[in-house]
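Student: Sequence and predicted structure are below.
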Amino acid sequence: MLEASHLRKKIDGKPVLTNVSFELGEGRVAGLIGRNGAGKTTLLKVMSGILDPDGGEVLFEGRSVHQEPEVKREMAFIPDTPEAWYGYTGWGAAYMFGQIYPRFDHAYFKDTMNRFGLPLDRNIRRFSKGMRMMFSTALGLSTRAKLVLLDEPTNGIDPIAKKQVLTLLMEAAADGMSLIVSSHLLEELERMTDKILLMRSGSVETHDSEGAAEGIVTKLQVVFQGEAPEAWLSSPDVRVLDHIGRVYTLLLNGAPGSAAVAELKGMMPLLMEPLPVRLEDLYVWKLGGELDEG
Ligand SMILES: Nc1ncnc2c1ncn2[C@@H]1O[C@H](COP(=O)(O)OP(=O)(O)OP(=O)(O)O)[C@@H](O)[C@H]1O
């Protein structure tokens, strides 16, 4: 349904997207992850046609998002701050979006605003940060666009509202809406997405959400005999997540049968216990270290 190929984008002369390609099928949910400044917001804006790429293309159902403006009616971008709506009430925003999106669902918008306890007749500027985010999500999903791109939809909202927003997203996905959700909430993304788009150095790596880290990294709890092998622990195949006394939690390069794991076995540790690998482990393995500033 959505196909990005070889996207490039510079901002203020600095390359933010260098070569981004990925696909998203109909009714699929993708999580967009990456360090601060990696280019997630830039990518969402390019995907939704708000920004033009310097190179490459985005096709939605085979049509160019940047060359056929009417394609944008099938896509909605929800920014992390709804500044465009300051000065509008909820009613006003719904009226405006109703003019743009042919299937805008006014009843759903009203119900969702009520569900969130948000007044429809108050200026959005007067909402708190969390209220603005909930309003944006409600408005975006009410478009009934085939694809909704959300930039950190749970940013700044309290735990109860966060659950409500995530439920709303899952309901929309169950109804067949495709979503791309940028977020730092890795556990939630792991649960609710089909695909993970991991941004690094201006490009995107695609992983299936289920078992995203499996085969890439192995997680183990280890107690060494005698002194810990410091040189080995700081080698590129190893990352120390933590150590308490003599108990180390390690990430090792590759699957449980990898060379790094064999090397560890060869040291005959007193304890070598496998731990489940989560999306967070993949994130730390791939992105741990320097901030991604392109
Ligand atoms: N308006 C702008 N002017 C100058 N530089 C910008 C602008 N917007 C973004 N950038 C730069 O582009 C890069 C990517 O920013 P972007 O907001 O896309 O990252 P992000 O992954 O969404 O970050 P975060 O997780 O912190 O929201 C950063 O280096 C940022 O400094």
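Tutor: Arrived safely, thanks for sending. The structure presented is a predicted model; accordingly, all values stated were derived computationally and were not measured.

Student: When you work out contacts or count neighbours from here on, use the C-alpha atoms and nothing else.
Tutor: Fine.

Student: Could you pick out the residues of the stretch 1-150 of the chain near the ligand for me?
Tutor: Contact residues (Cα under 6 Å from any ligand atom) of the stretch 1-150 of the chain with the ligand: Ile11, Asp12, Val16, Arg35, Asn36, Gly37, Ala38, Gly39, Lys40, Thr41, Thr42.

Student: which among those residues end up buried?
Tutor: Val16, Arg35, Ala38, Gly39, Lys40, Thr41, Thr42 (16 or more other Cα atoms under 10 Å).

Student: how does the protein divide into domains?
Tutor: Following automatic domain parsing, one finds the domains of the chain at 2-208, 217-277.

Student: Take the ones you listed and write them to CSV, including mean pLDDT.
Tutor: Formatted as CSV, those follow (pLDDT from 0 to 100):
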stretch, mean pLDDT
domain 2-208, 94
domain 217-277, 93
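
Student: Ok, which of those comes nearest Tyr283?
Tutor: Among the domains of the chain, domain 2-208 comes nearest to Tyr283, with 7.8 Å by Cα to Cα.

Student: first to last residue in that closest one, what's the distance?
Tutor: Taking Cα to Cα, to the nearest Å, the first and last residues of domain 2-208 lie 17 Å apart.

Student: What of stretch 175-188?
Tutor: Across stretch 175-188, the terminal residues are separated by 19 Å (Cα to Cα).

Student: With stretch 64-79 instead?
Tutor: Termini of stretch 64-79 sit 22 Å apart (Cα to Cα).

Student: in that stretch, what counts as buried?
Tutor: Within stretch 64-79, the residues scored as buried using 16+ other Cα under 10 Å are Ser64, Val65, His66, Val71, Lys72, Arg73, Glu74, Met75, Ala76, Phe77, Ile78, Pro79.

Student: ditto for stretch 265-283
Tutor: If you call a residue buried by 16+ other Cα under 10 Å, then stretch 265-283 has these buried ones: Met272, Val277, Arg278, Leu279, Glu280, Asp281, Leu282, Tyr283.

Student: Which members of these occur in strands, if any?
Tutor: Within the buried residues of stretch 265-283, residues falling in strands by DSSP state E are Met272.

Student: from the buried residues of stretch 265-283, which single one is nearest the ligand?
Tutor: The shortest approach to the ligand among those belongs to Tyr283, at 13.5 Å (Cα to the nearest ligand atom).
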